[in-house]
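**Student:** Fold the stuff below for me.
(4 chains)
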There are 2 protein chains.
Amino acid sequence: MVESRIDSRKKKLGSKRAPVQERSRQRRDEILAATANLLDRVGFDGLTTTLVAKELGISVGSLYHYFPHKQAILHALGERWLEEYNAALAKLEEATRDNTDIEKWAAAAVRYVGEVYEEQRGILPLVQAMYAVPELRDLDDRHDEQVVSQLVPMFDRMKIAKSNSERERIAWLWLEMTHALFVSISEQDGARAKRSREDLKDLCFRLLEKWSV
Amino acid sequence: MVESRIDSRKKKLGSKRAPVQERSRQRRDEILAATANLLDRVGFDGLTTTLVAKELGISVGSLYHYFPHKQAILHALGERWLEEYNAALAKLEEATRDNTDIEKWAAAAVRYVGEVYEEQRGILPLVQAMYAVPELRDLDDRHDEQVVSQLVPMFDRMKIAKSNSERERIAWLWLEMTHALFVSISEQDGARAKRSREDLKDLCFRLLEKWSV
DNA sequence: ACCTGAACACCGTTCAAGT
DNA sequence: ACCTGAACACCGTTCAAGT
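**Tutor:** I've put the predicted structure just below:
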């Protein structure tokens, strides 16, 4: 709710400030990309600030110019995960807006959300850690919240459950269930992953069908 | 003050060895108990060897007399989790031996396995880490294997699926699904947890019913 | 203004020295 | 035989000093 304090000076300093901010934003992105890259290669525990700095050819101190601490880098990466996930749900909402077929919804949901898990496969160690590491725990909570609030209206449209509190509970179930399976699926080979994804779609369908009214 | 309780030459039967081993085993258990206790209080990341040593009133070096490294303590604790889980499945097998009712099986499974999650609630941070930490990963793999091999015969008896490879796949699905939900449930308050457990029972039933032949 | 890297506190682990 | 705790390598983080 805080109005930007920079707005008043934007006209005057805009041209001078933008490049600096742009460069800064770019560096931040570079750090995030390098971290995501290393996360995939050395794992959550193997990740060190020295390693990230070396990967970018800068000093550790420089890293701390852009992020207050290591967790902040991981946190920003987690934010990105939330955004991608939310974008997938928005696409799902869009794609299933004018049908109430539960089975089709389940298929679309598994496809769209599954794509996120595939594309972000490298940072899954981080996503898993979100639950366990206290400093990242808020991401997990927000993720839950956001997903539930996006699913409830869709469930409503599909006439699933008779109250919103029930829909919230089912949305949570759906989230936990699909998350556990997508993470496992991300480590399976192509053929098995394909079958597992079909199983999951089916499981989603059955879950929702049960509460269909 | 020196007592001649040290027998330099051991007898054939080794009857004198037992007390020493017994004492050693006891210390190991104490270390495990203290670690489990701290895990619950300070979390997976907050756990340090110094802290464990302090908790027991011994030195760090002494810790390394009983375990080669920190991960070995956690590993041993993980082994215990596997044992408890397997014991629950054995009880489940025993309790459902002479019926083929899928719904009853689902109820019993959620009850017995759920008890393990409740009793071992303190070490759930560790169980979660088993997946992410490379040194503990073998526990996760063995857990998967053991659970699947215990479930397949039960599925067979209940006439679920038409081949063992299918049963293995369903067992894996069951494991991932219930694990994700049990972990989440362990953090809910009593009333909500009760409802969630019923939802889970229902979900299990529907999962198995689908493949019932 | 931005970057550097030695310095600091703290971790897991070791091992010479005590009892 | 068993235990101790200073010492070591390495982590995240800081900050005086460079450009």
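**Student:** residue ranges for the strands of chain A, please.
**Tutor:** Using DSSP state E, no strands are assigned anywhere in chain A.
**Student:** Residue numbers of it in contact with DNA strand D?
**Tutor:** A:47, A:48, A:49, A:50, A:60, A:61, A:64, A:68, A:69, A:70, A:71 (C-beta under 7 Å from any atom of the strand). Where C-beta positions appear, they are placed from N, C-alpha and C, glycine not excepted.
**Student:** Name the member of the residues you listed with the most neighbours.
**Tutor:** Neighbour counts for those (other C-beta atoms under 10 Å in any protein chain shown) peak at residue A:47, which has 18 neighbours.
**Student:** Could you measure from it over to chain B?
**Tutor:** 12 Å (C-beta to the nearest C-beta, to the nearest Å).
**Student:** quick revisit: what is the nearest of the residues of chain A next to DNA strand D to chain B?
**Tutor:** Chain B has its nearest neighbour among the residues of chain A next to DNA strand D in residue A:71, at 10.5 Å by C-beta to the nearest C-beta.
**Student:** if we can go back for a sec, from the residues of chain A next to DNA strand D, which are also near DNA strand C?
**Tutor:** Counting by C-beta under 7 Å from any atom of the strand, A:60, A:61, A:64 from the residues of chain A next to DNA strand D sit close to DNA strand C.
**Student:** Now flag whichever of the residues you listed is closest to DNA strand C.
**Tutor:** Using C-beta to the nearest atom of the strand, residue A:61 comes nearest to DNA strand C of these, at 1.8 Å.
**Student:** what's the distance between the closest one and residue B:159?
**Tutor:** Distance check for residue A:61 against residue B:159: by C-beta to C-beta, to the nearest Å, it reads 66 Å.
**Student:** Please apply the same query to residue A:86.
**Tutor:** Residue A:86 is 43 Å from residue B:159, by C-beta to C-beta.
**Student:** Looking at the two, which has the bigger crowd around it?
**Tutor:** It is residue A:86, of residue A:86 and residue B:159, that has more neighbours when counted by other C-beta under 10 Å, with 15 against 12.
**Student:** Not counting sequence-adjacent ones, nearest residue to the more buried one?
**Tutor:** Closest residue to residue A:86 apart from its sequence neighbours, by C-beta to C-beta, 6 or more residues apart in numbering or on different chains: residue A:146 at 5.9 Å.
**Student:** show me what contacts that neighbour?
**Tutor:** Shown in contact with residue A:146 (C-beta atoms under 8 Å, 6 or more residues apart in numbering or on different chains): A:82, A:85, A:86.
**Student:** Just these: which are in helices?
**Tutor:** Those of those mapping onto helices are A:82, A:85, A:86, per DSSP state H.
**Student:** Closest to residue A:140 out of those?
**Tutor:** Among these, residue A:82 lies closest to residue A:140 (C-beta to C-beta), at 9.6 Å.
**Student:** Enumerate every residue touching the closest residue to residue A:59 other than its chain neighbours.
**Tutor:** Leaving aside its sequence neighbours, residue A:59 sits nearest to residue A:53 (C-beta to C-beta, 6+ apart; 5.8 Å). When contacts are counted by C-beta under 8 Å, 6+ apart, residue A:53 touches A:59, A:60, A:62, A:63.
**Student:** Could you dump the ones in helices among the contacts of residue A:146 into a markdown table with distance to residue B:187 and pLDDT added?
**Tutor:** Compiled in a markdown table, the ones in helices among the contacts of residue A:146 are given as follows (distance: C-beta to C-beta, whole Å; pLDDT from 0 to 100):
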| residue | distance to residue B:187 | pLDDT |
| --- | --- | --- |
| A:82 | 20 | 97 |
| A:85 | 21 | 98 |
| A:86 | 23 | 98 |
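**Student:** Can you tell me which of the residues you listed is nearest DNA strand D?
**Tutor:** Nearest to DNA strand D among these, with distances taken as C-beta to the nearest atom of the strand, is residue A:82, at 21.5 Å.
**Student:** Check the closest residue to that closest one other than its chain neighbours and give its pLDDT.
**Tutor:** In this structure, residue A:82 finds its nearest non-sequential neighbour in residue A:143, 5.6 Å apart by C-beta to C-beta, 6+ apart. Predicted confidence (pLDDT) for residue A:143: 97.
**Student:** how close does residue A:143 sit to DNA strand D?
**Tutor:** 23 Å (C-beta to the nearest atom of the strand, to the nearest Å).
**Student:** Also residue A:146?
**Tutor:** The spacing between residue A:146 and DNA strand D, counted by C-beta to the nearest atom of the strand, is 27 Å.
**Student:** how many neighbours does the closest residue to residue A:102 other than its chain neighbours have?
**Tutor:** Spatial nearest neighbour of residue A:102, excluding adjacent residues (C-beta to C-beta, 6+ apart): residue A:208 at 5.0 Å. Per other C-beta under 10 Å, the neighbour tally for residue A:208 reads 22.
**Student:** So which helix or strand of chain A has the lowest pLDDT on average?
**Tutor:** helix A:10-46 (a mean of 76; mean pLDDT, DSSP states H and E).
**Student:** Flag every buried residue along it.
**Tutor:** For helix A:10-46, burial by neighbour count (16 or more other C-beta atoms under 10 Å in any protein chain shown) applies to A:27, A:31, A:32, A:34, A:35, A:36, A:38, A:39, A:44.
**Student:** same question, stretch A:81-91
**Tutor:** Under the neighbour-count criterion of 16+ other C-beta under 10 Å, stretch A:81-91 has A:81, A:82, A:84, A:85, A:88, A:89, A:91 buried.
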